[in-house]
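>>> dropping the sequence and predicted coords here.
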Amino acid sequence: MSKGCSHIAGIHDVTPSARGCEECLKSGSRWLHLRICRTCGHVGCCDDSPNRHATAHFHATGHPVIEGYDPPEGWGWCYVDEVLFDLSKRKTPHDGPIPRYY
């Protein structure tokens, strides 16, 4: 794992909150890629998506670490320390097919 991030030890194995971006599914919006919060399992859309729900979740909750979730990319990002790190051995599995909205 990466040095320079004080939040890596707090990463949890989580259950995804939805099969796509939770807020986009509710509003009918589109996303490009998904991120999953490794504190609570919230699934939100990436910053290249129109609504940037994963980052909004961080600002609302302070949950620091996300994982690239769609497709499972094997990396993590800490918003607080701005550090990218390897999660290839701790990927969050999908519980079914991810709908495509791009």
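Done, it's in.

>>> which parts of the helix of greatest length in the chain are buried?
Criterion DSSP state H: the longest helix present in the chain is helix 53-61. Judged by neighbour count (16 or more other C-beta atoms under 10 Å), helix 53-61 contains these buried residues: 53, 54, 55, 57, 58. Where C-beta positions appear, they are placed from N, C-alpha and C, glycine not excepted.

>>> okay, strands next: where are they in the protein?
Along the chain, the stretches classed as strands by DSSP state E are 34-37, 43-45, 65-70, 75-78, 83-86.

>>> nearest to residue 94, out of these?
For the strands of the chain, the distance to residue 94 is smallest for strand 65-70, at 8.0 Å, taking C-beta to C-beta.

>>> so can I have a markdown table of the buried residues of helix 53-61 showing pLDDT?
Below are the buried residues of helix 53-61 laid out as a markdown table (pLDDT from 0 to 100):
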| residue | pLDDT |
| --- | --- |
| 53 | 98 |
| 54 | 98 |
| 55 | 98 |
| 57 | 98 |
| 58 | 98 |
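
>>> which one of those residues is nearest residue 19?
residue 53 (14.4 Å).

>>> the closest one contacts residue 36, correct?
No - counting by C-beta atoms under 8 Å, residue 53 stays clear of residue 36, with 11.4 Å between them.

>>> overlap in contacts of the two?
Residues touching both residue 53 and residue 36 (C-beta atoms under 8 Å, 6 or more residues apart in numbering): residue 44.

>>> before we move on, the earlier item: just so I know, which of the strands of the chain lies nearest residue 24?
Among those, strand 43-45 sits nearest to residue 24 (C-beta to C-beta), with 5.7 Å.

>>> what packs against that closest one?
helix 22-27, strand 34-37, helix 53-61 (3 or more C-beta pairs under 8 Å, 6 or more residues apart in numbering; DSSP states H and E).

>>> okay, buried residues for the second one please.
With burial defined by 16+ other C-beta under 10 Å, the residues of strand 34-37 counted as buried are 34, 35, 36, 37.

>>> partner strands of it, parallel or antiparallel?
Strand pairing for strand 34-37, determined by DSSP bridges: strand 43-45 (antiparallel), strand 65-70 (antiparallel).
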